[in-house]
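fold the following.
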Amino acid sequence: MTLNSHSTLLIEKFEDGPIWTIGYLVYAGPGMEAVVIDVPMWSSDKIYKRIREIGLSVKYIVATHGHWDHIGEMKKLAALTGAHVCANEGDAWMMSDPNGMVIAPPEPIEPVLIDLALSDGATVGSAGPKFKVIQTPGHSTGSI
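Numbering: from 1, shown residues only. Got it, this is the predicted structure:
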């Protein structure tokens, strides 16, 4: 994580969905740029409300992997914020067909397309928090 020496990193968690998956809103202060990490089912309205309350702009939404519980409302939040969806290409197939997984979601999920493919060593973020991507295949091929 890279921030200037005068910034404090703020992390808010949003636990939601049928299996209580956690998504995160990460930012350095009000009015700043933020990064969202994972968007569980039923969480996008809560995350978006908080983004508006603080006055943040979200440029990137990152999927740590493509399982339906982590991308449940990613497409909706991306539409609300205009943010780019970021993930590793190894999970693009899951994200584009989340309802066709071996363990299907309890309700239909909109397919999510990756706007920015992340590979090992890449950096995500610009004017706010910056993350270095570490590819960690195992839980899924594209886990980061």
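
could you list the buried residues of the longest helix along the chain?
Longest helix in the chain by number of residues (criterion: DSSP state H): helix 44-54. Buried residues in helix 44-54, defined by neighbour count with 16 or more other CB atoms under 10 Å: 44, 46-48, 51, 54. Using the backbone N, CA and C atoms, a C-beta is placed for each residue, glycine as well.

dump the residues you listed into TSV; add distance to residue 31 and pLDDT as well.
Putting the buried residues of helix 44-54 into TSV (distance: CB to CB, whole Å; pLDDT from 0 to 100) gives the following:
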residue	distance to residue 31	pLDDT
44	22	98
46	20	98
47	17	98
48	16	98
51	11	98
54	8	96
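
any idea whether residue 86 is helix, strand or coil?
Taken by DSSP: H, G, I helix; E, B strand; the rest coil, the conformation at residue 86 corresponds to strand.

contacts only, for it.
Residues near residue 86 by CB atoms under 8 Å, 6 or more residues apart in numbering: 60-63, 114-118, 124.

for PyMOL, what selects the buried ones among those residues?
Remark: buried members of the contacts of residue 86, expressed as a PyMOL selection using 16+ other CB under 10 Å:
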select buried, resi 60+61+62+63+114+118+124
